[in-house]
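[1] this one's sequence-less:
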């Protein structure tokens, strides 16, 4: 019984120690949310990557994925937010290159076969942060309504 208690205590101390490390890594992050639009309409399903040009403290990018309304909230690998600074923006959207009809799907299922699905990137110049010409500056106060407009 004593061994189990000691093991639990050691594991608890380890977890507390790790969580302290994570809190330190979040220092300086600010919230950033907004929308991606094209011709004034929201763009859903876009994978966004903010590549640091300059940022305070650590150099760390952030990413997000737009919902059906084109809305996004940026986060680093594990924490919500982004460091203040200037970022190039990369946008990608994977879509299937072929959409099967219901009849094709049912026929394949009846034969026990999988239909091949391949994807294509649909964002053209926006898929390269050096060509997209999308540059955003995140202020120390963060950004609540950042709008990324694409052509």
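    Happy to help now that I have it. What you see is a predicted model; the values in this text were computed from it and never measured.
[2] pick out the residue nearest the middle of the chain.
    Compute the mean C-alpha point of the chain, and by CA atoms, centre = their mean the closest residue is residue 64, 2.5 Å away.
[3] where do the helices sit along this protein?
    Shown for the chain, the helices assigned by DSSP state H span residues 2-25, 102-110.
[4] those helices: lowest mean pLDDT?
    Confidence, taken as mean pLDDT, is least for helix 2-25 of the helices of the chain (a mean of 42).
[5] residues in contact with the residue nearest to the centre of the chain?
    Residues near residue 64 by CB atoms under 8 Å, 6 or more residues apart in numbering: 48, 72, 73, 74, 75. (Each C-beta comes from the backbone N, C-alpha and C, glycine too.)
[6] what bridges to it?
    Partner residues in beta bridges with residue 64, using DSSP bridges, are residue 48.
[7] count of neighbours near the closest residue to residue 108 other than its chain neighbours?
    Nearest-residue entry for residue 108: residue 115, 4.9 Å, with adjacent residues in sequence omitted and distances by CB to CB, 6 or more residues apart in numbering. Close neighbours of residue 115, defined as other CB atoms under 10 Å, add up to 12.
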